[in-house]
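Trainee: need a 3D model of the following:
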Amino acid sequence: MAVLYSLKFPEDVLERLTEFSAGTGVTKAEHIRAAVVQYLDFHAGKAANLQRLAELSEFNQLVLDQLVRLQFPDLRDKILDAVDERMEKFHGK
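Mentor: Next comes the predicted model:
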């Protein structure tokens, strides 16, 4: 059974949520419910451990960098350029 509960948001957060919802075709309420469930699952240990993911990412990055430096040093700059392009394309950075 669902229970009605109201929330107050700062205007800028509500604006971002409204724009996001319009772009996805999913209601604001659905996004909020999903975010709350994800938050609760994370704190209950049921979701991805961000610290572990960060450590794995750093380990993989270091190992791959060493392999490229040793085995393909001529490709290193091209790979780093491709990484920058993908970061901009997929992450806006």
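Trainee: and residue 89, how far from residue 78?
Mentor: 16 Å (Cβ to Cβ, to the nearest Å). Any C-beta I mention is one placed from the backbone N, CA and C, and that applies to glycine too.
Trainee: now do the phi/psi pair for residue 54.
Mentor: Main-chain torsions, residue 54, degrees, to the nearest 10: phi -70, psi -40.
Trainee: neighbours of it, just the number please.
Mentor: Here the number of neighbours of residue 54 (other Cβ atoms under 10 Å) works out to 10.
Trainee: give me the pLDDT value at residue 8.
Mentor: On the pLDDT scale, residue 8 is placed at 96.
Trainee: mind checking the SS state of it?
Mentor: Following DSSP: H, G, I helix; E, B strand; the rest coil, the label given to residue 8 is coil.
Trainee: what is the burial count for it?
Mentor: By other Cβ under 10 Å, 6 other residues sit near residue 8.
Trainee: just residue 91 next, same as before
Mentor: Residue 91 sits with 7 neighbouring residues when counted by other Cβ under 10 Å.
Trainee: could you check how far it is from residue 3?
Mentor: For residue 91, the distance to residue 3 - Cβ to Cβ - is 37 Å.
Trainee: repeat that for residue 45.
Mentor: 26 Å.
Trainee: and the two? which has more neighbours close in?
Mentor: Taking other Cβ under 10 Å, residue 45 and residue 3 do not tie; residue 45 has more neighbours (7 against 4).
Trainee: so how far is residue 52 from that one?
Mentor: For residue 45 relative to residue 52 (Cβ to Cβ), the value is 12 Å.
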